[in-house]
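Q: Prediction below, plus the sequence it came from.
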Amino acid sequence: MLEMSGIFKVFYEGTPDEKIALNKVDLSMRPGDFVTVIGSNGAGKSTLMNVISGKLTPDVGSVFIDGTNMTALAEHKRAAKIGRVFQDPMAGTAPTMTIEENLALAYNRTKKRTLAFGVTKKRRDFYREKLEMLHLGLEDRMGAKVGLLSGGERQALSLLMATFTDPKILLLDEHTAALDPSRAELITNLTKEIVEKLGLTTLMVTHNMQQALDLGNRLIMMDKGQIIFSADEEEKKNLTVEKLLAEFQKIKGGGGLSDRSLLS
Amino acid sequence: MLTALFGAVESGVIYAIMALGVYLSFRVLDFPDLTVDGSFVTGGAVASIMIVNGSDPFVATMAALFAGFLAGCVTGILHTKGGINPLLSGILMMIALYSINLRIMGKPNVPLLAEETVITKIESWFASDWSILLFMLVVTLIIKFVTDLFLKTEVGLSLRAVGDNEGMVRSFSANTGWMKVLGLGLSNALVAFSGALVAQYNGFNDVGMGIGMIVIGLASVIIGEAVVGHSKIARATLAVVVGAILYRIIVTLALRIEFLDTGDMKLITAIIVIIALVLPKIIDRQKAASRKKKRLQQLGGKANA
């Protein structure tokens, strides 16, 4: 479903701030794969996401999604195949527009926008049915402006908006990081439920190792722009936070406690 | 006095179309578009030159609408494809249009008094003092309703989302660049349409009549929002129309003050906008202060002790 090969991305090339964000990254995902990505700040996780979504173009390497070469395709064009949830709950919704209008915007992700009304009676029933999946009572507040919702509610809505049109790839960029623990758990559970139900091919970045272990069937660890550790379905089942940390220290040559604090 | 106020309402209704255009760029797209100062005159220039050369005034007015659309699209392309800052793309286009308008008109002022215009035609159809006002009111309200409906279509929704959260709507595969171009085109089409009607209403088109037009548009939007509110799209566009009429009434009343003359118009406009922007904040602050006082009283002095 996703095929990335030889991805190389350098920022500020030729200056003292030069930073190799992605260093020959290869990643392949089969349909239905749910890969969790962990790594300390600056490991290249977000750059990886942005190269897939098209916000950044890799210096070298290619990105294939669903068999199509998307390496140089504009962000809005490839968005037809990609669902995204951002870290910031503000980032995934339009605050001055109503819940149903936001859903209408998301509904058009895979379709050409026309002069037909975005919210019709038939569509509204469809949106309501989808909102019920969130169990937050948002289906009764469809005319409310999204700016009035709490962070958790917005993030749940963002998740729904990113997924209800069956994306080929779902990108989750630390989408629970800005929420309190109970809301984060709610969103984590919703993510699990929705991804399983729709069988979505998903890539999730997280700083929470337990979450990375609980969700998904594969796990990769990144450091300094490289994938330094990768666990397949069988290996992941036996992983624990302790084993992951040990693995990390083994690869890094005994990084010490600072790595632990960065990762957990 | 009454005739003056009647005239104010009449021209307010025509300027309301321009204000709706400013609403589209300033509020919906969140793009402060100074092209308006130029495209308003472009509308008047295209219409008046066509009328002078014997075109049907209705055709000429529609041509003005189209010219404004093109001007707005150019501003949009400068910003989205050329990567020029929004304010600067508008300013560049405004300056460029000044020369273009002179080229279209051939001279700084084109009189229309002897010509058959939309205004004279309407007056000949319905022989009443109210004919212009009612006709223009109908035209303005039709434009208002069409705008309301358009902003609820799939294209309209993504246009609004561009002004609200550009990154988000791009992640839902909307081409935000072209959305901005389209929005600015539509905005300036309305502005030029209004300019064409104003030129015919005044009986001349002057190359300088667009100066400060953006501020008048903003004044209408802000006054309207303060008086009518803007909770829903239909309400916000109604607010713009009401605001444009109120603005004309305020200016007309201000000009009746002995000390002020017509040259002070722009200063009055600027002051109105400043008051409209600052007053709500002062009122809010006073409300907050009185709430605090009330709450302290409720707490029975415990908080003070």
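A: Done, it's in. Numbering: from 1, shown residues only, chains lettered A, B, ... in the order given.
Q: does the residue in the stretch 201-305 of chain B that chain A sits nearest to sit in a helix, a strand or a coil?
A: Of the residues in the stretch 201-305 of chain B, the one nearest chain A is B:S231, at a distance of 8.7 Å by CB to the nearest CB. All C-beta spots, glycine's among them, are computed from the backbone N, C-alpha and C. Classification of B:S231 using DSSP: H, G, I helix; E, B strand; the rest coil returns coil.
Q: how close does it sit to A:F117?
A: Computed with CB to CB, to the nearest Å, the distance linking B:S231 and A:F117 is 20 Å.
Q: These two - which one has more neighbours?
A: Applying other CB atoms under 10 Å in any protein chain shown to B:S231 and A:F117 shows that A:F117 carries more neighbours, namely 15 against 10.
Q: Who does that one form a beta bridge with?
A: A:F117 has these beta-bridge partners by DSSP bridges: B:T153.
Q: Help me confirm that it comes into contact with B:V155.
A: No: proximity of A:F117 to B:V155 does not meet the contact threshold set by CB atoms under 8 Å, at 10.6 Å.
Q: Name the residues contacting each of the two.
A: Taking CB atoms under 8 Å, 6 or more residues apart in numbering or on different chains as the contact rule, A:F117 and B:V155 have no neighbour in common.
Q: Off-centre distance for the helix or strand hosting B:M50?
A: Secondary structure assignment for B:M50, by DSSP states H and E: helix B:36-52. Averaging C-alpha positions (CA atoms, centre = their mean, to the nearest Å) puts helix B:36-52 16 Å from its chain's average.
Q: SS state for residue 115?
A: Here I'm looking at chain A. Secondary structure of A:L115, reduced to three states by three-state DSSP: coil.
Q: My question was about chain B, not that one.
A: Each residue gets one of three states, and B:E115 gets coil by three-state DSSP.
Q: How much space separates it from B:M50?
A: 10 Å.
Q: If you count neighbours, what's buried in the lengthiest helix in chain A?
A: Looking only at chain A and at elements set by DSSP state H, the helix with the highest residue count is helix A:181-198. Using 16 or more other CB atoms under 10 Å in any protein chain shown as the test for burial, helix A:181-198 gives A:183-184, A:186-188, A:190-191, A:194-195, A:198.
Q: Next: stretch B:137-149.
A: Under the neighbour-count criterion of 16+ other CB under 10 Å, stretch B:137-149 has B:137, B:139-140, B:143-144, B:147-148 buried.
Q: what's the closest of those residues to chain A?
A: The shortest approach to chain A among the buried residues of stretch B:137-149 belongs to B:D148, at 11.5 Å (CB to the nearest CB).
Q: Does A:V37 belong to a helix, a strand or coil?
A: When states are read from three-state DSSP, the local structure at A:V37 comes out as strand.
Q: Relative to chain B, how far out is the closest residue to it other than its chain neighbours?
A: With sequence-adjacent residues excluded and distances taken as CB to CB, 6 or more residues apart in numbering or on different chains, A:V37 is closest to A:V205, at 4.7 Å. Distance, A:V205 to chain B, by CB to the nearest CB, to the nearest Å: 16 Å.
Q: Just give me the neighbour total for A:E247.
A: By other CB under 10 Å, the residues close to A:E247 number 15.
Q: helix/strand/coil for it?
A: Assignment for A:E247 (three-state DSSP): helix.
Q: residues contacting it?
A: With contacts defined as CB under 8 Å, 6+ apart, A:E247 is in contact with A:221, A:229.
Q: one more time with 7 Å, if that's ok
A: For A:E247, the contacting residues are A:F229, taking CB atoms under 7 Å, 6 or more residues apart in numbering or on different chains as the criterion.
Q: any idea how far B:V74 is from it?
A: Applying CB to CB, one obtains 58 Å for the distance of A:E247 from B:V74.
Q: And for A:G152?
A: Separation of A:G152 from B:V74 (CB to CB): 44 Å.
Q: One more: B:P57?
A: B:P57 is 26 Å from B:V74, where distance means CB to CB.
Q: Return the nearest residue of the stretch 151-264 of chain A with respect to chain B.
A: Closest point on the stretch 151-264 of chain A to chain B, by CB to the nearest CB, is A:M161, at 7.6 Å.
Q: Now do that residue: how many residues are near it, please.
A: For A:M161, using other CB under 10 Å, the count is 26.
Q: what sits against it?
A: A:M161 sits next to A:92, A:102-103, A:106 when contact means CB under 7 Å, 6+ apart.
Q: Buried residues in whichever strand or helix holds A:N23, which are they?
A: Secondary structure assigned from DSSP H and E places A:N23 in strand A:19-29. Across strand A:19-29, burial judged by 16+ other CB under 10 Å covers A:20-22, A:25, A:27, A:29.
Q: now, which of these lie close to chain B?
A: Of the residues in these, proximity to chain B by CB under 7 Å from any CB of the partner chain holds for none.
Q: Would you format the residues you listed as JSON lines with pLDDT included?
A: Conversion of the buried residues of strand A:19-29 to JSON lines gives the following (pLDDT from 0 to 100):
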{"residue": "A:I20", "pLDDT": "86"}
{"residue": "A:A21", "pLDDT": "87"}
{"residue": "A:L22", "pLDDT": "89"}
{"residue": "A:V25", "pLDDT": "89"}
{"residue": "A:L27", "pLDDT": "91"}
{"residue": "A:M29", "pLDDT": "91"}
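Q: Could you dump those into JSON lines and include distance to B:D164?
A: Output for the buried residues of strand A:19-29, formatted as JSON lines (distance: CB to CB, whole Å):
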{"residue": "A:I20", "distance to B:D164": "36"}
{"residue": "A:A21", "distance to B:D164": "30"}
{"residue": "A:L22", "distance to B:D164": "32"}
{"residue": "A:V25", "distance to B:D164": "34"}
{"residue": "A:L27", "distance to B:D164": "33"}
{"residue": "A:M29", "distance to B:D164": "32"}
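Q: Return the closest of those with respect to A:N41.
A: Of all the buried residues of strand A:19-29, the one sitting nearest A:N41 is A:A21; the distance, using CB to CB, is 12.1 Å.
Q: Next one: that closest one relative to A:G54, how far apart?
A: Distance, A:A21 to A:G54, using CB to CB: 16 Å.
Q: So which elements touch the following helix or strand past the helix holding B:M50?
A: Taking DSSP H and E as the definition, the helix or strand that follows helix B:36-52 towards the C-terminus is helix B:57-80. Helix B:57-80 makes packing contacts with helix B:36-52, helix B:86-105, helix B:118-125, helix B:176-202 when contacts are defined by 3 or more CB pairs under 7 Å, 6 or more residues apart in numbering or on different chains; DSSP states H and E.
Q: can you list contacts of stretch B:236-255?
A: Judged by CB under 7 Å, 6+ apart, the contacts made with stretch B:236-255 from elsewhere in the structure are B:4-5, B:8-9, B:11-13, B:15-16, B:19-20, B:23, B:140, B:144, B:147-148, B:216, B:219-221, B:223-225, B:227-230, B:260, B:262, B:265, B:268, B:272.
Q: What of stretch A:75-83?
A: Around stretch A:75-83, the neighbours that count as contacts under CB under 7 Å, 6+ apart are A:53-55, A:65-66, A:70, A:109-110, A:162-163, A:167-171, B:170-176.
Q: residues of that stretch that come out buried?
A: When burial is assessed from 16+ other CB under 10 Å, stretch A:75-83 yields the following buried residues: A:75-76, A:78-83.
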